[in-house]
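K.L.:
Task: produce atomic coordinates for the following.
(2 chains)
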Amino acid sequence: MDKYNYTIVSNELVAAKTYRLVLAGPQVDGEFVNIQIPGYYLRRPISICDQADGRITLYYKTVGEGTTVLAAMQAGQQLNLLTGLGRGYSSAACRQEALLAAGGLGAAPLYLLAKKLKAQGKKVTAVLGFNKADEVVLTEEFRALCDGFALATLDGSAGVKGFVTDAIATLKPSYDFFYTCGPMVMMRAVCGALEGPGEASLEERMGCGAGFCYCCSIKTTAGTKRVCKDGPVFKKEEIIW
Amino acid sequence: MVDLSVNLCGINLKNPVVPASGTFGFGLELADSFDLNVLGGISLKGTTQEPRYGNPTPRVAECPGGMINSVGLQNPGIDALVGQKVPALRKVYDGCVIANISGFSVDEYRHCCSKANDCDGIDIVEVNISCPNVHNGGMAFGTSPQAAAEVTKAVKEVCTAKPVFIKLSPNVTDIVAIARACEDAGADGLTLVNTFLGMRIDIKQRKPVIANTMGGYSGRAVFPIALRMVYQVAHACKIPVMGCGGVASAADVIEMMMAGATAVQVGAENLRNPFACPEIIAALPAKLTELGIESIKDIISIV
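P.N.:
This next block holds a predicted model:
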């Protein structure tokens, strides 16, 4: 774990209540960063979507007061980040063909994973689901990177109408390992519908984000685990829905 | 050269800064982030007789100037503490190790403190008396002078080789009365204060933010209240005090010591800044020099 000040390069509204935050600073390890928001006590954990050339890209939604303050911050301002946090997806678990199933902003960490899998020479199919068209993000990025792609919205206002699982059933992609990130109900449906091994990224309200306060402990089939440190990514069979 | 060392019941601490129980795991969790040996001491996560999963999540809530937690004493049990956690920490840390013991009955305190007493790696036993007594309608031991004295006396009988610090709850009408009762029952020192019972409600969902409804409020906002209690207790008792509550800077450490603390615990601040303790320790010499203080011991109880 490290602590650095990053400079905001851009912080733009890119979809309904959804912001893309680009920061300049050291490259990071781990699955998420923990951001100190001025005026708020606890940090806000946000998954890493992309990083290259001294910049890291994050997506977040304005869901509460903290993220609303973050959304008002401008290019040039500084943010203090804890980095090197979380155990991410095991890209090595996929032999040749990966299926990525994203719900909402779950697409963000799966984009970083897609880049890793492609760099390892693997075939990647991505299926992104959103509630409606105005929430859709990252489709062009996934389309450019992946071998297969599908978009679903619940109301049919973009892509095919229905759940991520519906789009996967239609696409029938070939895969030997799947990765999912999104709301719990969506990931439960994905893990229930998909055959074979896979991993899902869980969300829990965190204290420290670094594994020492035990605020985000959950029960798994492999015992008590800290979402921030032992996860947030867990094997499908470890998760107790 | 400023002297940061303090003496706690005969144990030399290289500086007075100690991460508080529950905000620093079992120490080893932070060993990869900075050299633990800069710390004066480490108070380990609260430990009970049997392993505990703790409370359901969410266990934490944001508050102005602080946070509420209700982890519910998740811990691997006293046998794992003395058999695994402390020996593992001792491989990388040579400072003062404080075991924090919790219990839901006098027998449980006695059992755990006896094991801590026999563990070579532990220097001080800190007893958290904010737990509910299951044999007395769930009233916390720390809320009555009689119950606090009963636990102190029982623990002192088995904890013969190590100083016993009783960690006091601030959720009482007269903390001085509890402190005096512990001192009279044989406590070697006192740690104060534990967290303040608090609550938040999610007004959209119309339900408590914390799954367990209530939890312990801590953070910068409680500093003046904790300081006042340390001042009152340190002036009423002869045994040393570890001050705790809202400490977040070198200036806070100095203020807490001037109020009467011999050592100072840093709690919630570790959660927002895991590097808080090493940063505070690094800032102390310059702050003391600025104030014309050559030895930090000299300011204990100076006000």
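K.L.:
From the contact counts, what lies against the longest helix seen in chain A?
P.N.:
Longest helix in chain A by number of residues (criterion: DSSP state H): helix A:107-119. With contacts taken as 3 or more Cβ pairs under 8 Å, 6 or more residues apart in numbering or on different chains; DSSP states H and E, helix A:107-119 sits against strand A:44-47, strand A:50-52, strand A:55-61, strand A:97-103, strand A:123-130, helix A:139-145, strand A:177-181. C-beta: built from backbone N, CA, C; applies to glycine.
K.L.:
what residues are up against the residue of chain A found nearest chain B?
P.N.:
At 3.6 Å from chain B, residue A:212 is the closest residue in chain A, using Cβ to the nearest Cβ. Residue A:212 sits next to B:23, B:24, B:25, B:29, B:30, B:270, B:274 when contact means Cβ atoms under 8 Å, 6 or more residues apart in numbering or on different chains.
K.L.:
ok, the fifth one to residue B:275 distance?
P.N.:
Spelled out, that is residue B:30. Relative to residue B:275, residue B:30 is positioned 9 Å away (Cβ to Cβ, to the nearest Å).
K.L.:
With neighbour numbers in mind, choose between the two.
P.N.:
residue B:30 (25 against 16; other Cβ atoms under 10 Å in any protein chain shown).
K.L.:
Look up the closest residue to the more buried one, ignoring the ones flanking it.
P.N.:
What sits nearest to residue B:30 in space, not counting adjacent residues and going by Cβ to Cβ, 6 or more residues apart in numbering or on different chains, is residue A:212, at 5.9 Å.
K.L.:
Need the per-residue pLDDT for that neighbour.
P.N.:
Predicted confidence (pLDDT) for residue A:212: 98.
K.L.:
Same question for residue B:249.
P.N.:
Confidence for residue B:249, expressed as pLDDT, is 98.
K.L.:
swap in residue B:181?
P.N.:
Residue B:181 is given a pLDDT of 98.
K.L.:
Wait, a helix at it?
P.N.:
Yes. The assignment for residue B:181 by DSSP: H, G, I helix; E, B strand; the rest coil puts it in a helix.
K.L.:
And stretch B:294-302, end to end?
P.N.:
14 Å (Cα to Cα, to the nearest Å).
K.L.:
list the buried ones in that stretch?
P.N.:
B:296, B:299, B:300, B:301 (16 or more other Cβ atoms under 10 Å in any protein chain shown).
K.L.:
What is the three-state secondary structure of the residue of chain A closest to chain B?
P.N.:
When classified by three-state DSSP, residue A:212 comes out as coil.
K.L.:
follow-up on the earlier one: kindly provide the distance from the residue nearest to residue B:30 to residue B:269.
P.N.:
Counting by Cβ to Cβ, the separation of residue A:212 from residue B:269 is 13 Å.
K.L.:
Give me the common contacts of the two.
P.N.:
residue B:23.
K.L.:
my guess is residue A:99 contacts residue A:179, does it?
P.N.:
Yes. Look at residue A:99 against residue A:179 with Cβ atoms under 8 Å: they come within range, at 7.3 Å.
K.L.:
The two: who's more crowded?
P.N.:
Set side by side, residue A:99 and residue A:179 show more neighbours around residue A:179, with 31 against 25, by other Cβ under 10 Å.
K.L.:
Contacts only, for the more buried one.
P.N.:
A:89, A:94, A:98, A:99, A:100, A:101, A:110, A:113, A:198, A:199, A:200.
K.L.:
Can you give me the end-to-end span of stretch A:218-238?
P.N.:
So stretch A:218-238: terminal residues 11 Å apart, Cα to Cα.
K.L.:
ok and the residue in the stretch 151-300 of chain B nearest chain A?
P.N.:
For the stretch 151-300 of chain B, Cβ to the nearest Cβ, closest residue to chain A: residue B:271, 4.4 Å.
K.L.:
residues near that residue, how many?
P.N.:
The burial count for residue B:271: 28, using other Cβ under 10 Å.
K.L.:
swap in residue B:71?
P.N.:
24.
K.L.:
can you give me the strands for the stretch 151-300 of chain B?
P.N.:
With strands called from DSSP state E, counting those that start in this stretch, the stretch 151-300 of chain B shows them at B:164-167, B:189-192, B:196-199, B:201-202, B:207-208, B:214-218, B:241-244, B:263-266.
K.L.:
So what touches stretch B:267-276?
P.N.:
The contact list for stretch B:267-276 (Cβ under 8 Å, 6+ apart) reads A:1, A:3, A:36, A:41-43, A:82, A:207-208, A:210, A:212-213, B:19-20, B:22-24, B:30, B:33-34, B:66-67, B:218-220, B:244-248, B:266, B:277, B:279.
K.L.:
Show the buried residues in the residues you listed.
P.N.:
For the contacts of stretch B:267-276, buried by 16+ other Cβ under 10 Å: A:1, A:3, A:36, A:41-43, A:82, A:207-208, A:210, A:212-213, B:19-20, B:22-24, B:30, B:33, B:66-67, B:218-220, B:244-248, B:266, B:277, B:279.
K.L.:
Can you tell me which residues in chain B are near chain A?
P.N.:
Residues of chain B lying close to chain A (Cβ under 8 Å from any Cβ of the partner chain) are B:22-25, B:29-30, B:32-33, B:45, B:53-54, B:57-67, B:69, B:71, B:74, B:219-220, B:268, B:270-275.
K.L.:
Tell me which residue is most central in chain A.
P.N.:
residue A:109 (2.9 Å; Cα atoms, centre = their mean).
K.L.:
thought it was touching residue A:51?
P.N.:
No. Between residue A:109 and residue A:51 there is no contact under Cβ under 8 Å: 11.8 Å.
K.L.:
For residue 42, what is the enclosing helix or strand?
P.N.:
Assuming you mean chain A. Element membership for residue A:42 (DSSP states H and E) is empty, with no helix or strand holding it.
K.L.:
The chain in question should be chain B.
P.N.:
strand B:41-43.
K.L.:
residues in contact with that strand?
P.N.:
B:8, B:13, B:18-21, B:24, B:27, B:36, B:89, B:93, B:95-98, B:100, B:123-124, B:126, B:191, B:263, B:265.
K.L.:
Next secondary structure after it?
P.N.:
Using DSSP H and E, the first helix or strand after strand B:41-43 is strand B:60-63.
K.L.:
Show me the shaky parts of the stretch 51-200 of chain B.
P.N.:
B:137-138 (pLDDT under 70).
K.L.:
now do 90
P.N.:
Filtered on pLDDT under 90, the stretch 51-200 of chain B yields the residue ranges B:130-140.
K.L.:
Repeat that for chain A.
P.N.:
Filtered on pLDDT under 90, chain A yields the residue ranges A:64.
K.L.:
Name the residue most distant from the centre of chain B?
P.N.:
Largest centroid distance in chain B under Cα atoms, centre = their mean is residue B:204 at 34.9 Å.
K.L.:
Now do the end-to-end distance for stretch B:44-58.
P.N.:
For stretch B:44-58, the end-to-end distance is 22 Å (Cα to Cα).
K.L.:
Which positions within it qualify as buried?
P.N.:
B:44, B:45, B:46, B:47, B:48, B:49, B:52, B:54, B:55, B:57, B:58.
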